[in-house]
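Asker: next come a sequence and a model predicted from it.
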Amino acid sequence: MRQEEIIFLILLILISFLGVYSISIFSQKVKILKAEVLSLKQEAESKEKYIQKMKEIYENLTKNEIYSLIQTALPEKPDYSDVLHFLYQKTTEHGLTFSSKVSLSEKPESSQETQATSTSSFSLKHLEISFSVIGNYNSFRNFLKDLEFSQRHFKVKKIEISSSKENFEIRMLLEVYHY
Amino acid sequence: MEEKFEESRTQKILSFLFFATFLILIFSFLFLFISQKSLEKKKEEYQKRIEATKTKEIKELERKINLIQAQLRDSEKIGKEKYFTQKLFDFLEKNKMVGIKINSAEFDFEQKNAKISAEGPDFLSVTKQLKVFESLPEIENLSVSEVSLEKEGKVKFNFSFSFKEDLIK
């Protein structure tokens, strides 16, 4: 073997080593990228599955008859107008008349409720309503019945009844809920 | 002559090895390069798909479902705690004796107690009425605070009591 050939052979070996070394680094990079892509693929698929499931759940929930009931019973917003309209409609229907202003106030949450709802993004708020009506006893009983069987959850907290000459004056403290 | 032939053979082998190594390296790089490009494209595509799951619409859907979950949870709780105040009025009407008139009443349904101011035609009727209330198992802590005789002979009396939760359930 001539000296030139030996140098050529050494160069060849060197180039081979360098090439294999660079390829192994490049291959490592591609391997990492592949793992990254695989993890992204799994993430995308699981998120898409989750969204699909959520859409199905939401559709099923909205189709259920209980959905409209709970929307009325525990609405997202206080719906002051609906509450006032309901009270006005029912008192008028049963021949009762308001004898005082209707006061509405948000009641702060109790610590127990705060604890219970801390894990949820929605916490139940309480709206207290107080007012007085005048009318006869039977009208009041019918009004009370409508109130307690209404779709919106009304909680009767206090009732004060005092009789005047012919009629009764009834002071009520109610509570409704919203989020 | 033989030496020259040997030289040319070695040269040929070396050249072949050189080209073979060169080709292997080139193809390996090419393969890795194409793989890298394809993976990068896929990565971008999956990132876009993940990004698409974070839209306002999806967040709104999540919010709506959370709301329904809260509504169902709270409805169940409220339903369990729900009471009907009319039942107390039915109960009082049923147990009120003839001639006894309730003038005023205060009911606290959370504390489950009542304060009543009533009047009866005579002392005997009032005592009988109080006896009835005393004997009722639904009524607890009956307390008479005032009994007064009116000019017309009527007897006014004030009393309070607490009632069992079952009465209004």
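Answerer: Arrived safely.
Asker: B:Val147 contacts B:Val155, correct?
Answerer: Yes. The criterion here is C-beta atoms under 8 Å, and B:Val147 meets it with B:Val155 at 6.4 Å. The C-beta positions use only the backbone N, C-alpha and C, and glycine is treated the same way.
Asker: give me the domain ranges for chain B.
Answerer: Using automatic domain parsing, the domain parsing of chain B gives B:2-80, B:86-168.
Asker: give me the nearest residue to A:Tyr67, chain neighbours excluded.
Answerer: With C-beta to C-beta, 6 or more residues apart in numbering or on different chains as the criterion, A:Tyr67 has its nearest non-adjacent residue at 5.6 Å, and that residue is A:Leu61.
Asker: assign the one you found to helix, strand or coil.
Answerer: Classification of A:Leu61 using DSSP: H, G, I helix; E, B strand; the rest coil returns helix.
Asker: helices and strands around whatever helix or strand B:Phe157 lives in, which ones?
Answerer: Counting by DSSP states H and E, the element that carries B:Phe157 is strand B:155-163. Strand B:155-163 is packed against strand B:113-120, helix B:123-135, strand B:139-149, with contacts defined by 3 or more C-beta pairs under 8 Å, 6 or more residues apart in numbering or on different chains; DSSP states H and E.
Asker: so it versus strand B:139-149, what angle?
Answerer: Orientation check (axes from the mean of the first three to the mean of the last three C-alpha atoms, to 10 degrees): strand B:155-163 against strand B:139-149 gives 170 degrees.
Asker: so what touches strand B:155-163?
Answerer: The contact list for strand B:155-163, computed with C-beta atoms under 8 Å, 6 or more residues apart in numbering or on different chains, reads B:88, B:91, B:103, B:111-123, B:125-126, B:130, B:133, B:138-150.
Asker: need the winner for burial among the helices and strands packed on strand B:155-163.
Answerer: Stretch with highest mean neighbour count among the helices and strands packed on strand B:155-163: strand B:113-120 (a mean of 18; mean count of other C-beta atoms under 10 Å in any protein chain shown).
Asker: what lies in contact with that one?
Answerer: When contacts are defined by C-beta under 8 Å, 6+ apart, strand B:113-120 is touched by residues B:88, B:97, B:99-108, B:126, B:129, B:141, B:150, B:154-163.
Asker: just the CA atoms of it, as PDB, please.
Answerer: Extracted in PDB, the C-alpha atoms of strand B:113-120 (Å, rounded to 0.1, in the frame of the first residue of the first chain):
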ATOM      1  CA  ASN B 113     -91.600  28.900  65.500                       C
ATOM      2  CA  ALA B 114     -94.900  30.900  65.700                       C
ATOM      3  CA  LYS B 115     -96.200  33.700  67.800                       C
ATOM      4  CA  ILE B 116    -100.000  34.000  67.800                       C
ATOM      5  CA  SER B 117    -102.300  36.500  69.300                       C
ATOM      6  CA  ALA B 118    -105.900  35.300  69.400                       C
ATOM      7  CA  GLU B 119    -109.200  35.800  71.200                       C
ATOM      8  CA  GLY B 120    -111.900  33.500  72.500                       C
END
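Asker: which residue is nearest the middle of chain A?
Answerer: A:Phe122 (4.9 Å; C-alpha atoms, centre = their mean).
Asker: for that one, which non-adjacent residue is closest in space?
Answerer: That would be B:Ala70: by C-beta to C-beta, 6+ apart, it lies 3.8 Å from A:Phe122.
Asker: repeat for A:Ser163
Answerer: Using C-beta to C-beta, 6+ apart, the closest residue to A:Ser163 is B:Asn103 (5.5 Å).
Asker: what about that neighbour, distance to A:Glu166?
Answerer: Using C-beta to C-beta, to the nearest Å, one obtains 14 Å as the distance from B:Asn103 to A:Glu166.
Asker: ok, A:Lys101 next?
Answerer: Distance, A:Lys101 to A:Glu166, by C-beta to C-beta: 23 Å.
Asker: got it, and A:Lys107?
Answerer: Distance from A:Lys107 to A:Glu166, by C-beta to C-beta: 35 Å.
Asker: quick one: contacts for A:Phe140?
Answerer: Applying C-beta under 8 Å, 6+ apart, we find A:Phe140 in contact with A:His94, A:Leu96, A:Val133, A:Ile161, A:Phe168, A:Ile170.
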